[in-house]
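J.: Need the 3D shape of this:
(chains A and B)
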Number of protein chains: 2
Amino acid sequence: MRDLSRDRRWIAINTATVKAWSLEQAIDGCARAGITAIAPWRDILQACGVARAAQLLRTHDMTVTALCRGGMFPAADEAGRRAALDDNRRAVDEAAGIGAACLVLVVGGLPAGSKDIAGARRQVRDGLAALLPHARKAGVKLAIEPLHPMYAADRACVNTLAQANDLCDELGDGLGVAVDVYHVWWDPALAREIARAGSRIISYHVCDWLVPTTDLLLDRGMMGDGVIDLRGIRAMVEAAGFAGHCDVEIFSARDWWKRDPNEVLGVCLERYRTVV
Amino acid sequence: MRDLSRDRRWIAINTATVKAWSLEQAIDGCARAGITAIAPWRDILQACGVARAAQLLRTHDMTVTALCRGGMFPAADEAGRRAALDDNRRAVDEAAGIGAACLVLVVGGLPAGSKDIAGARRQVRDGLAALLPHARKAGVKLAIEPLHPMYAADRACVNTLAQANDLCDELGDGLGVAVDVYHVWWDPALAREIARAGSRIISYHVCDWLVPTTDLLLDRGMMGDGVIDLRGIRAMVEAAGFAGHCDVEIFSARDWWKRDPNEVLGVCLERYRTVV
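T.: This next block holds a predicted model:
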């Protein structure tokens, strides 16, 4: 493993971790903490405005590891799929506008009323294929993020790194994968599929799995507070060739979202040095 | 698919579905509803007493599809693993005592303080290997139940049917698998691994995945109320050769556990006929 664990240059903050902040506040807060990379969500980017955000990011010399998020391809009808595709093209443009290294894709789950997960997976493949030409032209990489199987119904029907790798194999250039330890730590095929992904790993997310977990969506843990072998998985992605940032993404309604975001950044930095 | 959907002979009730009842009440309640198969949990079996339970089950001509549950093999030290193995041998004896078709195994997760899921999986394999001679001698099949990945940390580190099939391949006679739709419905490899399991499928469980799901453990849905393609998965297991019962197992603190168990049985029968 590269000796990066004590170097804050390789930590990035996903803005979901400091949910109370606007993008302006997050950029400023990260800069004050000596953090030089950030991954914003679209809602606060849009609230700030893409041009203004781009200027603020440049002013603070802030690397944008990713824009979160595009995806949500499946829909009950053709009009819904077309609307999703249009929105994804706008997301690509926003990612290009702030110089994001990639657009993270949460691909979507079952359309309303559907029990056809194989069909939803085909819709995801078709949506990716339709989006890719625009993303290639814009120079924005698309990062497929496999989500934990507990989100298969309502958020993402790509639930393993093997599926994401298969999609990359099928659809070619411009696609990569986002490896989030929260979603993949349990996977018996993880080591094999990380090695297979290789240079296609373009985004790496850290947090932790708490025991017990009290909410399916909003109870992620701070690195070190759960059961994920963070050093082990980081060694896997680095052995596969990944040399980018560790994006800290913690959805935590009962704990970290209740704290002062400045305090949260301090703990992220300390845990980044000691356990990530 | 066999035309069993309107025949109540192939429904079985897992006693967790009628949690308010003792084993005596569950046997009596099922018999009154015309249900002829049951899968008890060990706590209410022990409260009733194995010999008395066996007699009650015979009196009511009740098939015992499974005893729930053994497993929980991993532990932090050798004494813990030995205690787990001893308890599993007692579970085998209890299963034999009531003529259960199999003992369902929830294999266990990470030992306290551990982040080594590969190590936990090795402990599961070793525990199964150690338990098998006793189970074979007692004539009790062991059914490995892969649990949903959201239980990997605290309940079962066997999280896919592929893993369960691998264990059967490695450890041989006396082992089979329990396919619970709740745990496997999301798996992209499901069709392939059900076909691979073939005659090793010795237990089949139904309920449904609700959207949203509000609790990781106790918010399962009644068949038909969620997004699982129950008919599709049943067709897969029957094509693989499974000709046994559909065990209804619903953990539902916010809904079904609050109702009169007699009402619950009525709904189970109706849904069994119409959607399972």
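J.: So in terms of bridging, what pairs with the most centrally placed residue in chain A?
T.: Residue closest to the mean C-alpha point of chain A, counted by CA atoms, centre = their mean, is residue A:104 at 5.1 Å. On the basis of DSSP bridges, residue A:104 is bridged to residue A:68, residue A:143.
J.: wouldn't it be in contact with residue A:64 here?
T.: No: checked against CB atoms under 8 Å, the pair residue A:104 and residue A:64 is beyond contact range at 11.5 Å. Heads up, the C-betas are built off the backbone N, CA and C, glycines and all.
J.: Can you pull the poorly scored residue ranges out of chain A?
T.: Scanning chain A for pLDDT under 70 picks out A:1-7.
J.: Can you give me the neighbour number for the nearest residue to residue A:253 once chain neighbours are set aside?
T.: Nearest residue to residue A:253 in three dimensions, chain neighbours excluded: residue A:218, at 3.9 Å (CB to CB, 6 or more residues apart in numbering or on different chains). Residue A:218 is flanked by 14 other residues according to other CB atoms under 10 Å in any protein chain shown.
J.: Now for residue A:240: which residues touch it?
T.: A:194, A:195, A:197, A:198, A:199, A:201 (CB atoms under 8 Å, 6 or more residues apart in numbering or on different chains).
J.: ditto for residue A:96
T.: By CB under 8 Å, 6+ apart, residue A:96 lies in contact with A:138, A:139, A:140.
J.: Let's see if you can find the most crowded of those residues.
T.: Among these, residue A:140 has the most neighbours (other CB under 10 Å), with 25 neighbours.
J.: how close does it get to chain B?
T.: Separation of residue A:140 from chain B (CB to the nearest CB, to the nearest Å): 27 Å.
J.: Then residue A:181?
T.: Residue A:181 sits 11 Å away from chain B, going by CB to the nearest CB.
J.: That residue touches residue A:227, doesn't it?
T.: No: Residue A:181 is not in contact with residue A:227 according to CB under 8 Å; the separation is 10.7 Å.
J.: who's more crowded, the two?
T.: Taking other CB under 10 Å, residue A:181 and residue A:227 do not tie; residue A:181 has more neighbours (25 against 21).
J.: Where does residue A:215 sit: helix, strand or coil?
T.: Assigned by DSSP: H, G, I helix; E, B strand; the rest coil, the conformation of residue A:215 is coil.
J.: the helices in the stretch 151-276 of chain A, which residues?
T.: A:161-171, A:181-184, A:190-197, A:230-239, A:261-274 (DSSP state H, counting those that start in this stretch).
J.: so which of those is the most packed in?
T.: Comparing the helices of the stretch 151-276 of chain A by mean neighbour count (mean count of other CB atoms under 10 Å in any protein chain shown), helix A:181-184 comes out on top with a mean of 24.
J.: what packs against that helix?
T.: With contacts taken as 3 or more CB pairs under 8 Å, 6 or more residues apart in numbering or on different chains; DSSP states H and E, helix A:181-184 sits against strand A:201-206, helix A:230-239.
J.: Can you point out the helix or strand that includes the closest residue to residue A:160 other than its chain neighbours?
T.: Among residues not flanking residue A:160 along the chain, residue A:146 sits closest, at 5.5 Å (CB to CB, 6+ apart). Under DSSP states H and E, no helix or strand contains residue A:146.
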